[in-house]
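Colleague: Predicted structure and sequence below. I'll ask about it afterward.
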Amino acid sequence: MPRGRSTKIVATLGPASSTHDRILALAEAGVDVFRMNASHGTQAEHARRYRTIRDVEDILGRPVGILLDLQGPKLRVGTFADGPVDLTRGSRFRLDLDPTPGDRTRVCLPHPEIFAALTDGVELLLNDGRIRLRVRAFGPDFADTEVEVGGVLSDRKGVNVPGVALALSALSEKDRSDLAFGLTLGVDWIGLSFVQRPEDILEARALIGDRARIITKIEKPAALPHLAEIIRLSDAVMVARGDLGVELPPEEVPGLQKRMIRLSRALGRPVIVATQMLESMISEPTPTRAEASDVATAVYDGADAVMLSAESASGQFPIEAVAMMNRIVTRVERDPLYRTIMNADHPAPEPTTPDAISAAARQVAETISAAAIVTYTSTGSTALRASRERPAVPILGLSSDRATARRLALAWGVNPVWTDDVNDFAEMVARAGEVAAAERIGAPGESLVVTAGYPFRTPGATNSLRVVTIREGGRGETAARAAAGALPTPA
């Protein structure tokens, strides 16, 4: 049975949520895609989680997506000889390549790429931005800085260099190992961290091929000048607000969130809003009203999915957090204002037959009050085009490819269904009615709008639209031929 909402929920697995019973409960509470965070846990632990998710998928009888989120390069200082040091405002502090344990005047920064990218006056952020240093002098193996915002600095704390593109690949050696592992498992999505330029995605694509799809995490300000190209090269996008907020002023992040959602929708890429959405539910059974509003804002903006991180991975109330997110999303989508916003904000279709057919499907479905739009898709592109239109009716994404059906679990409004292939239009029409009835989306006498590509099994060739009436017993019959491009009339 489909969800009572269109916006999807992504939840991270971790110590609080990795048993079979917990994963099943999370899926029943509303999770559409499970995230495995390669920054935490071992490959063996993730393999067990993967197998459990697939077992839960069989129990539920619906496709469930799996995202393996790569850690990305981690820039960290070295260690200190006598424990944490207290850096005071106005004091001098050196970063260098000397591996000797540091003190209150210096510490190792084992990343020559940072020194190579420095300019005078550049700001360095340590410990998630809690400590701020201003570069006063630098060379190929050192940086002399002035402490502008002090604090306690301990071993291996992170370093950020705002506004500077570093000569680093988005894939560390650990990432390459985790990537090969995830592809062997069969994960549906790969989360690509530390993306600074379009070439980072091309590098990952060369390794991944067609074995998984790429979710590009927008977390580095260096990516923003190339945002449109980065989104175009991606299969989906994650607005990683927490990491963005380290290097950017907090007041800039909300506008960027809206910009990224709008651009992703225009380019037909699913977009996830992530980080600190229900943060207080790590330790509390209910969120703050501000957090509920934050989730609601992402939904009103038209995001495909909203994501839980520590709330579901290590929090005390993982199932409650998912259930709460489900309630917030459902309530927003029932608000008449939500539909008004979606109707007022349709991206202009591309001048192609598939886009024209998808735009027409939404218009026809809403005009005749159809029970659903049904898409037949081998790669997912037909369903994603329908999703981009944000129709007022559910979308049934039918695919004979199990991997495609699982990937569509992320897309707004799409209820993915894995089904046997069809060989002709008559079988396609009958199957549409059967699945709609089985999924409790349509009843006898109601209409469905069916889109597909002809010849069948031709990726990206959406060129046919049919209006179908569901008959008794769940089969469908053609009620009208609304549009069919240059297709011959089927016998």
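Modeller: Sure thing, it's come through.
Colleague: Ramachandran angles for G453?
Modeller: phi -110, psi 140 (degrees, to the nearest 10).
Colleague: Neighbours of it, how many?
Modeller: Per other Cβ atoms under 10 Å, the neighbour tally for G453 reads 25. For glycine as for every other residue, the C-beta is placed from the backbone atoms N, C-alpha and C.
Colleague: Could you do E427 as well?
Modeller: 13.
Colleague: tell me which residues of the host helix or strand of it are tucked away?
Modeller: Per DSSP states H and E, E427 falls inside helix 425-438. By neighbour count on 16 or more other Cβ atoms under 10 Å, the buried set for helix 425-438 is F425, M428, V429, A430, R431, A432, G433, E434, V435, A436, A437.
Colleague: what are the C-alpha coordinates of that helix, in CSV please?
Modeller: In CSV, the C-alpha atoms belonging to helix 425-438 read as follows (Å, rounded to 0.1, in the frame of the first residue of the first chain):
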residue,chain,number,x,y,z
PHE,A,425,0.2,-2.1,-25.5
ALA,A,426,-2.7,-4.3,-24.6
GLU,A,427,-0.6,-6.0,-22.0
MET,A,428,0.6,-2.6,-20.7
VAL,A,429,-2.9,-1.3,-20.3
ALA,A,430,-4.0,-4.4,-18.5
ARG,A,431,-1.0,-4.4,-16.2
ALA,A,432,-1.6,-0.8,-15.3
GLY,A,433,-5.0,-1.5,-14.0
GLU,A,434,-3.9,-4.6,-12.1
VAL,A,435,-1.1,-2.8,-10.3
ALA,A,436,-3.2,0.2,-9.5
ALA,A,437,-5.9,-2.0,-8.0
ALA,A,438,-3.3,-4.1,-6.1
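Colleague: Tell me the helices and strands packed up against it.
Modeller: Using 3 or more Cβ pairs under 8 Å, 6 or more residues apart in numbering; DSSP states H and E, the elements in contact with helix 425-438 are strand 372-376, strand 395-399, strand 447-453, strand 462-470, strand 476-483.
Colleague: Serialize the ones you listed to CSV and add fields for distance to G72 and mean pLDDT.
Modeller: Below are the helices and strands packed on helix 425-438 laid out as CSV (distance: least, Cβ to Cβ, whole Å; pLDDT from 0 to 100):
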stretch, distance to G72, mean pLDDT
strand 372-376, 34, 94
strand 395-399, 31, 93
strand 447-453, 37, 89
strand 462-470, 35, 88
strand 476-483, 45, 50
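Colleague: Which one of the ones you listed lies nearest to Q316?
Modeller: strand 395-399 (35.4 Å; Cβ to Cβ).
Colleague: Please point out which parts of the closest one sit buried.
Modeller: For strand 395-399, using 16+ other Cβ under 10 Å, the buried residues are I395, L396, G397, L398, S399.
Colleague: ok, back up a step: nearest to V306, of the helices and strands packed on helix 425-438?
Modeller: Using Cβ to Cβ, the nearest of the helices and strands packed on helix 425-438 to V306 is strand 395-399, at 18.6 Å.
Colleague: neighbours around Q71, how many?
Modeller: There are 17 residues near Q71, going by other Cβ under 10 Å.
Colleague: give me the beta-bridge partners of the residue nearest the centre of the chain?
Modeller: For the chain, the residue sitting closest to the mean C-alpha position, by Cα atoms, centre = their mean, is I272 at 4.0 Å. I272 has these beta-bridge partners by DSSP bridges: M238, A305.
Colleague: How about the contacts made by it?
Modeller: Counting by Cβ atoms under 8 Å, 6 or more residues apart in numbering, I272 makes contact with V10, I215, A236, V237, M238, V239, A303, D304, A305, V306, M307, L410.
Colleague: number of nearby residues for A228?
Modeller: 12.
Colleague: Quick check: which helices or strands does the one helix or strand it maps to pack against?
Modeller: Per DSSP H and E: A228 is located in helix 227-233. Helix 227-233 sits against helix 198-208, strand 213-218, helix 253-266, with contacts defined as 3+ Cβ pairs under 8 Å, 6+ apart.
Colleague: Checking the closest residue to D69 other than its chain neighbours next. Helix, strand or coil?
Modeller: Nearest residue to D69 in three dimensions, chain neighbours excluded: G191, at 3.4 Å (Cβ to Cβ, 6 or more residues apart in numbering). When classified by DSSP: H, G, I helix; E, B strand; the rest coil, G191 comes out as strand.
Colleague: Can you check the pLDDT for G191?
Modeller: G191 carries a pLDDT value of 98.
Colleague: Could you list the buried residues of stretch 211-228?
Modeller: So stretch 211-228, judged by 16+ other Cβ under 10 Å, has buried residues 212-224, 226-227.
Colleague: In a helix, D178, correct?
Modeller: Yes. D178: assigned to a helix according to three-state DSSP.
Colleague: my guess is it contacts Q71, does it?
Modeller: Yes. The criterion here is Cβ atoms under 8 Å, and D178 meets it with Q71 at 7.3 Å.
Colleague: Show me the common contact partners of those two, please.
Modeller: What both D178 and Q71 touch, as defined by Cβ under 8 Å, 6+ apart, is the set A38.
Colleague: care to break this protein down by domain?
Modeller: Structural domains assigned to the chain are 8-73+170-334, 85-160, 353-483, following automatic domain parsing.
Colleague: what distance separates the longest one from the centre of its chain?
Modeller: Spelled out, it's domain 8-73+170-334. Put simply, domain 8-73+170-334 sits 5 Å off its chain's centre (Cα atoms, centre = their mean, to the nearest Å).
Colleague: can you check the shortest one too?
Modeller: Using Cα atoms, centre = their mean, the distance from the centre of domain 85-160 to the centre of the chain it belongs to is 33 Å.
Colleague: Just the endpoints, please. Distance across that domain?
Modeller: In domain 85-160, first residue to last residue: 19 Å (Cα to Cα, to the nearest Å).
Colleague: could you redo the helices and strands packed on helix 227-233 as a markdown table and give each row mean pLDDT?
Modeller: What follows is those, written out as a markdown table (pLDDT from 0 to 100):
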| stretch | mean pLDDT |
| --- | --- |
| helix 198-208 | 98 |
| strand 213-218 | 98 |
| helix 253-266 | 95 |
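Colleague: would you list the ones you listed in a markdown table and tack on distance to H346?
Modeller: Shown next, in a markdown table, are the helices and strands packed on helix 227-233 (distance: least, Cβ to Cβ, whole Å):
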| stretch | distance to H346 |
| --- | --- |
| helix 198-208 | 27 |
| strand 213-218 | 23 |
| helix 253-266 | 9 |
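Colleague: Tell me which of the ones you listed sits nearest to T88.
Modeller: Nearest to T88, of the helices and strands packed on helix 227-233 and by Cβ to Cβ, is helix 253-266 at 29.3 Å.
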